[in-house]
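**Q** here is a sequence together with a model predicted from it:
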Amino acid sequence: MRPHGTGDDPLFGSGIRLTDGFAQHEGAAADLGFWTMLRRLPNLLRITLGLAWAAGRWTLPVAVGANLVAGAATALILVATNSALSVLLSAPPSKELLVAAVPSLVWVIAGGVLRSVLTSVGSAASGRLAPRVDRAAYVRLLERAVAVELAVMQDPTFNNDLAAARRGALAARQVTSNAIDLLEAIAGLLAAGGVLTVLHPTLLPMLLAVSLPSAWGAVRTARARFLSMKRWVELNRQLDMLATLLTQPSSAEEVRVHRTGGFLLANYRRLAGLAEAEQARLADAQARTTLFTDGVAGLAKVATYGVLGLLLVSGTVPLAVAGTVVLAIQTGTRHLARLVTSVNGLYEQGLFVQDWQRACERAEAEAMPVRRRRLNRPPAVITVSNLSFTYPNAKQPALTEVDMTLRTGEIVAFVGANGSGKTTLAKLLAGLYLPSGGVIRWDGMPTTEVDRQHLFDHVALVAQDFVQWPFTARVNVTIGRTTHPPDPTRLRHAAWFGRADEVVARLDHGWDTLLAREFWGGTALSGGQWQRMGLARAHYRNAPVVIFDEPTAALDPRAEVEVFDRVCGLAGAGRAVVLVTHRLASVRRADRVYVLDQGRIVEQGTHEQLMALDRTYAQLFRLQAEQHGLTR
Ligand SMILES: Nc1ncnc2c1ncn2[C@@H]1O[C@H](COP(=O)(O)OP(=O)(O)OP(=O)(O)O)[C@@H](O)[C@H]1O
């Protein structure tokens, strides 16, 4: 991404960034050229027709075949028309003349019927194919996106790429139908051009002269539109985000009570104004191009009919032939216009499909690598040695020289000020990020060498911002382990663990209640109720390493005490438990407490050892104890 900040934006800080997707790729400028695109056309067609074949099998050959034969029917109509006109204009009108022309007229009608039927078959097949290609392209993108490294998912350039690729996935269907249209246009054009060449070759270049200016204009406009869309992709994402914030239920309360709506709307209008100015600029440019190309095409048309008139007057071309020539020129220009539109569509939509392809390729390149090494049993010990980690694009490391150990049957707690690195360390333990320096070993095996999917299989995580899935209560818990069919016994235990059973008992439809207020029949849960569902989900996952990041922040005191008891019970049941929390009262039972400060471990030991040390932990503990009226 190349920022061309248009100055600091009052809402988005560093300014509305115009992005230039091409700057990331080699041969950036050349990518946009029409001829470059034309050269790439075979590859592009291979990709999209490959998608179409995979998505629709026989639908594609049917669509292509129908259009090709329709082209042949056009030639038949022209030849038969010429033959009918030759008969009809060979002498003064008479009944005999009409009878003599009947066979040719029958061919004209038969050709017309054939063409109509085939065109309908072709368009039905294309109509069927389009949504399948859509799905195939979109699913391919999503498949790759879910496997991408978490760090890359948070990269703004990748997010821009994904936004462009979603547009590109939709363009794949256009490319497919443009390709089929192109075939039909070529077939029709060959028919008209062939007939015209046979009748009078001078008229063939004229046919091209009438259509080429609009071809040039269409390509020019498409290119400008595409460039603009690419450069303003981030602005469009920001506009979408503002619209979502204004309309989604989760921000509706603050939007009202803080009267944020007006503020957001004003900013939406301001940013939409920028987008509109860009649209107006594009529309003006397009109008100028169209005016110019229409003028040139008009002159070419005048010249064409002028030449035809001269040929007619000079007797070079008989009247019957002139009639067919007019028909052939009309058919030819219609097909040429269609050819131009489809090539232009292929060019414009092809640029978007390239985005889709590039994003798929980038997602594939940035995917979590598949490793051979697997964990054949739950880890007995996880060791972290000299670990450092810096988030992509961050200047300061989030973790520096961290050493720690986690064993099965142990509870390890991370405490420390906001931003000290607790969550980051927990995520590295879970394998969500890989170390920038140092190593994390599971039973001696570095996490960088273990297959990540396999590693995730051994981890359950209750993140601070765990997902509130807009699905039923049952799915919200069983989604913790989707590789097996839902297990009612396990669900019951999990609900007990997180005290979600009490929540579900009060729902209208029990486990089948939809937990999304914005859908019909859906209901809303309180923050604490959601937290219970999240805890139940982690328990349902039944993993040997369980990470709780602020698991009880929203729970009432009684639920909090009970849940902590159950969390401690997990360690007793042979699991390794990581607890990230600010509730120091609840870490007293931890086997080891690690105190973090600015990404470093500054103290470690049991509660008693740290109290005896009388440093940060002891001070924080006493502070909280005073607050809560605890004495020890
Ligand atoms: N996705 C991210 N990208 C860039 N920086 C991040 C990201 N997540 C966290 N950070 C930064 O890393 C540092 C450590 O954050 P972390 O979330 O680990 O702190 P924490 O100790 O868990 O804080 P809290 O108690 O507030 O939850 C902070 O400076 C934070 O700004």
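**A** That came through fine.
**Q** now do the contacts for the residue nearest to the spatial centre of the chain.
**A** When Cα atoms, centre = their mean is applied to the chain, the residue found nearest the centroid is Arg166 (3.7 Å). Applying Cβ atoms under 8 Å, 6 or more residues apart in numbering, we find Arg166 in contact with Tyr138, Leu141. In short, each C-beta sits where N, CA and C put it, glycine included.
**Q** what strand or helix carries it?
**A** Using DSSP states H and E, Arg166 maps to helix 156-199.
**Q** list the buried residues in the next helix or strand after that helix.
**A** Where DSSP H and E defines the elements, the next helix or strand beyond helix 156-199 is helix 203-231. Buried positions in helix 203-231, judged by neighbour count with 16 or more other Cβ atoms under 10 Å: 203-204, 206-207, 209-223, 225-231.
**Q** likewise for stretch 71-91?
**A** 71-89.
**Q** do stretch 531-538 as well
**A** Gln531, Arg532, Met533, Gly534, Leu535, Ala536, Arg537, Ala538.
**Q** could I get that stretch in CSV with only the CA atoms?
**A** Only the C-alpha atoms of stretch 531-538 are listed here, as CSV (Å, rounded to 0.1, in the frame of the first residue of the first chain):
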residue,chain,number,x,y,z
GLN,A,531,-19.3,-15.3,29.5
ARG,A,532,-20.9,-18.4,30.9
MET,A,533,-21.6,-19.6,27.4
GLY,A,534,-17.9,-18.9,26.5
LEU,A,535,-16.6,-20.9,29.5
ALA,A,536,-18.9,-23.8,28.6
ARG,A,537,-17.6,-23.7,25.0
ALA,A,538,-14.0,-23.9,26.2
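**Q** any idea how far it is from the chain center?
**A** Mean-position distance between stretch 531-538 and its chain equals 29 Å (Cα atoms, centre = their mean, to the nearest Å).
**Q** and the closest residue to the ligand within the stretch 1-150 of the chain, how many neighbours?
**A** Nearest to the ligand, among the residues of the stretch 1-150 of the chain, is Leu150, at 8.4 Å (Cβ to the nearest ligand atom). Number of residues near Leu150 (other Cβ atoms under 10 Å) recorded here: 13.
**Q** what's near enough to touch it?
**A** Lys427, Leu432, Tyr433.
**Q** before we move on, back to that, now, which of the buried residues of stretch 71-91 lie within helices?
**A** Using DSSP state H, 71-88 are the members of the buried residues of stretch 71-91 that sit in helices.
**Q** if we look at the ligand, which of the residues you listed are close to it?
**A** With Cβ under 6 Å from any ligand atom as the criterion, those include none near the ligand.
**Q** average pLDDT for stretch 96-111?
**A** Stretch 96-111 shows a mean pLDDT of 86 in the predicted model.
**Q** same check on stretch 374-392?
**A** Mean per-residue pLDDT for stretch 374-392: 91.
**Q** how far off centre is it?
**A** Worked out by Cα atoms, centre = their mean, stretch 374-392 lies 31 Å from the chain centre.
**Q** for that stretch, buried residues please.
**A** Leu375, Pro379, Ile382, Thr383, Val384, Leu387, Ser388, Phe389, Thr390.
**Q** now the last one: closest residue in space, sequence neighbours ignored.
**A** Just to be clear, that refers to Thr390. Excluding its sequence neighbours, the residue lying closest to Thr390 (Cβ to Cβ, 6 or more residues apart in numbering) is Pro397, at 4.4 Å.
**Q** in a strand, that's where the one you found is, yeah?
**A** No: per DSSP: H, G, I helix; E, B strand; the rest coil, Pro397 lies outside any strand segment and is coil.
**Q** the residue of the stretch 151-300 of the chain found nearest the ligand and Leu434: what is the separation?
**A** Using Cβ to the nearest ligand atom, the closest approach of the stretch 151-300 of the chain to the ligand is made by Gln154 at 5.1 Å. Using Cβ to Cβ, to the nearest Å, Gln154 is found at 14 Å from Leu434.
**Q** quick one: name the residues of the stretch 151-300 of the chain near the ligand.
**A** By Cβ under 6 Å from any ligand atom, the residues of the stretch 151-300 of the chain that approach the ligand are Gln154.
**Q** repeat that for 8 Å
**A** Residues of the stretch 151-300 of the chain found near the ligand, taking Cβ under 8 Å from any ligand atom as the criterion, are Ala151, Gln154.
**Q** repeat for the stretch 451-600 of the chain
**A** Residues of the stretch 451-600 of the chain lying near the ligand (Cβ under 8 Å from any ligand atom): Gln464, Asp549, Glu550, Val580, His582, Leu596, Gly599.
**Q** got JSON lines for these, with distance to Val175 and neighbour count too?
**A** Shown next, in JSON lines, are those (distance: Cβ to Cβ, whole Å; neighbours: other Cβ atoms under 10 Å):
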{"residue": "Gln464", "distance to Val175": "43", "neighbour count": "13"}
{"residue": "Asp549", "distance to Val175": "45", "neighbour count": "21"}
{"residue": "Glu550", "distance to Val175": "48", "neighbour count": "19"}
{"residue": "Val580", "distance to Val175": "48", "neighbour count": "24"}
{"residue": "His582", "distance to Val175": "54", "neighbour count": "15"}
{"residue": "Leu596", "distance to Val175": "52", "neighbour count": "24"}
{"residue": "Gly599", "distance to Val175": "49", "neighbour count": "22"}
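**Q** mind listing the strands for the stretch 401-550 of the chain?
**A** For the stretch 401-550 of the chain, applying DSSP state E, counting those that start in this stretch gives strands covering 411-416, 437-442, 445-446, 459-462, 545-549.
**Q** export the ones you listed to a markdown table and append columns for distance to Arg140.
**A** Converted to a markdown table, the strands of the stretch 401-550 of the chain look like this (distance: least, Cβ to Cβ, whole Å):
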| stretch | distance to Arg140 |
| --- | --- |
| strand 411-416 | 39 |
| strand 437-442 | 32 |
| strand 445-446 | 32 |
| strand 459-462 | 28 |
| strand 545-549 | 32 |
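**Q** any chance of these in a markdown table, plus distance to Leu182 and mean pLDDT?
**A** What follows is these, written out as a markdown table (distance: least, Cβ to Cβ, whole Å; pLDDT from 0 to 100):
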| stretch | distance to Leu182 | mean pLDDT |
| --- | --- | --- |
| strand 411-416 | 61 | 95 |
| strand 437-442 | 54 | 95 |
| strand 445-446 | 53 | 92 |
| strand 459-462 | 51 | 93 |
| strand 545-549 | 55 | 94 |
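**Q** now for those strands, which one comes closest to Ser116?
**A** Nearest of the strands of the stretch 401-550 of the chain to Ser116, taken as Cβ to Cβ: strand 459-462 at 61.1 Å.
**Q** which residues are in contact with that closest one?
**A** With Cβ under 8 Å, 6+ apart, strand 459-462 has contacts from 426, 430-431, 480, 534-535, 537-539, 541-543, 545-549, 551.
**Q** note down every partner strand of that strand and its orientation.
**A** Strand 459-462 has its sheet partners listed here by DSSP bridges as strand 545-549 (parallel).
**Q** check the offset of the partner strand from the chain's centre.
**A** The answer for strand 545-549 is 30 Å, by Cα atoms, centre = their mean.
**Q** could you give the angle of it to strand 411-416?
**A** 30 degrees (axes from the mean of the first three to the mean of the last three Cα atoms, to 10 degrees).
**Q** next secondary structure after strand 545-549?
**A** Counting by DSSP H and E, the next helix or strand C-terminal to strand 545-549 is helix 557-572.
**Q** immediately after that following helix, which helix or strand?
**A** The helix or strand immediately downstream of helix 557-572 is strand 576-580, counting by DSSP H and E.
**Q** could I get the average pLDDT for that next one?
**A** pLDDT averaged over strand 576-580 gives 94.
**Q** what does stretch 231-244 give?
**A** 82.
**Q** same question for stretch 134-141.
**A** If you average the pLDDT over stretch 134-141, you get 90.
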